[in-house]
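1. Structure for this input, please:
(one chain, ligands or ions: 1)
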Amino acid sequence: MVDLRTRYMGLELRTPLIVSASGLTKSADAVKECAAADAGAVVLKSIFEEQIEADLATGEDAHLPGRQLPEAYDFIKGHGRDRAVERYLETIAEARAVVDIPVIASIHCVSAGNWTHFARKAQDAGASAIELNVFIPPMDPRRTGAEIERTYFDIAREVRHAVTIPVAMKIGPYFSGLSNFAVRLSNEVDALVLFNRFFRLDFDIDRMALVPASMISEPSEIEMPLRWISILSGRVHGDISASTGVHDGRAVIKALLAGATSVQVCSTLYENGLWYLAKILADLRAWMESQGFSTIEEFRGRMRQLASSDPSAYERVQFMKIHTGIE
Ligand SMILES: Cc1cc2nc3c(=O)[nH]c(=O)nc-3n(C[C@H](O)[C@H](O)[C@H](O)COP(=O)(O)O)c2cc1C
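-> Residues are numbered from 1 along each chain as shown. Presented below is the predicted three-dimensional model:
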């Protein structure tokens, strides 16, 4: 009998599959459907730092950021009026009341402002953990990499300070010293989610206008998290949750072999429907049986770099071998 249980940030998950922050987890009803489809946990659709700041600023217009910029001011004021914070806290409480799997609140953020106190409110509303989705686009040529990295640490420390529940940080792969950064950041949080998928732009050449690129990932996008999870597993403190490009059971197995303790899925559920969680789990179970594994811990991390007899295979030498063989 195969046992699919795993532990993620100290939370007991009945299966390693987490439905990622998205429209699939936007309400208590949606969360209930995820739980019925055998998800091990859900990450609620994110609330934005700007929404929390706008809520805090209601009635204190003088402190609103963007006071000098009418468009930004109106946008933020609009957020303040739509009760986003209150509704988010209600969703956490309602979701916790209807499912018995962990419900992880998610905050999309780019700075360590006053909003970090919201994490405590999310905890009080019943959140099992917090996931911070942070991507600070390095667009400003005056801002150094070190300054940008510091902001990630500031956010992690502020939120950590505000709560006692576990905190995960979902980051992107675009750091010049990713291993060093990830190891240091892992000392501040309970888990790293590798990786987020920053929203992408495209050009409409007929209208000569900017358009959003597809939000749905491709299966080949698993390659980036796979490489880095296998390199970082055993080196970072705490857990790693795999995210981006996990479209089927094979990808889940790969992420676990790389060392992840949980695996997040999103695009594949948009494409195939929630029932696909059951298909992924059936494929995982069948593979474990065929390999003679009865628990995830028996094979988790087997293919991480630290467990390899040929660690150089994860690095440049592999590319050299392949490249020099290609004519
Ligand atoms: C429609 C849609 C909405 C999303 N909303 C959020 C969100 O609110 N917060 C967040 O952190 N990520 C959000 N994401 C990103 C996903 O959580 C996930 O990181 C990304 O889709 C990569 O995983 P995948 O390859 O399994 O899709 C969204 C993705 C999609 C497709």
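
2. Do a quick rundown of the strands in the stretch 51-200 of the chain.
-> For the stretch 51-200 of the chain, the strands defined by DSSP state E, counting those that start in this stretch cover 103-109, 129-134, 167-171, 191-194.

3. What distance do you get for residue 191 to residue 30?
-> According to CB to CB, to the nearest Å, residue 191 stands 23 Å off from residue 30. The C-beta positions use only the backbone N, C-alpha and C, and glycine is treated the same way.

4. So those two - more neighbours on which side?
-> For residue 191 versus residue 30, neighbours defined as other CB atoms under 10 Å are more numerous around residue 191 (27 against 20).

5. pLDDT value on that one, please?
-> Turning to residue 191, the model gives it a pLDDT of 98.

6. isn't it right next to residue 8, touching?
-> Yes - Residue 191 is within contact range of residue 8, at 6.7 Å (criterion: CB atoms under 8 Å).

7. what touches both of these two?
-> 239, 241, 261 (CB atoms under 8 Å, 6 or more residues apart in numbering).

8. between the residues you listed, which is nearest residue 297?
-> Of all those, residue 261 has the smallest distance to residue 297: 9.2 Å, by CB to CB.

9. residue contacts, that closest one?
-> Residue 261 neighbours (CB under 8 Å, 6+ apart): 6-8, 16, 191, 239-241, 300.

10. Now the phi/psi pair for the residue nearest to it when sequence neighbours are not counted, please.
-> In space, and not counting its chain neighbours, residue 261 is closest to residue 239: 4.4 Å by CB to CB, 6 or more residues apart in numbering. With angles defined as degrees, to the nearest 10, residue 239 sits at phi -100, psi 160.

11. For residue 239, give its distance to the ligand.
-> 17 Å (CB to the nearest ligand atom, to the nearest Å).

12. Could you report the neighbour count for that residue?
-> Per other CB under 10 Å, the neighbour tally for residue 239 reads 24.

13. my guess is it meets residue 190, correct?
-> Yes - using CB under 8 Å, residue 239 is in contact with residue 190, at 6.8 Å.

14. hey, what's in contact with both of those two?
-> 9, 168.

15. Stretch 194-212 - what's its average pLDDT?
-> Mean predicted confidence for stretch 194-212 is 94.
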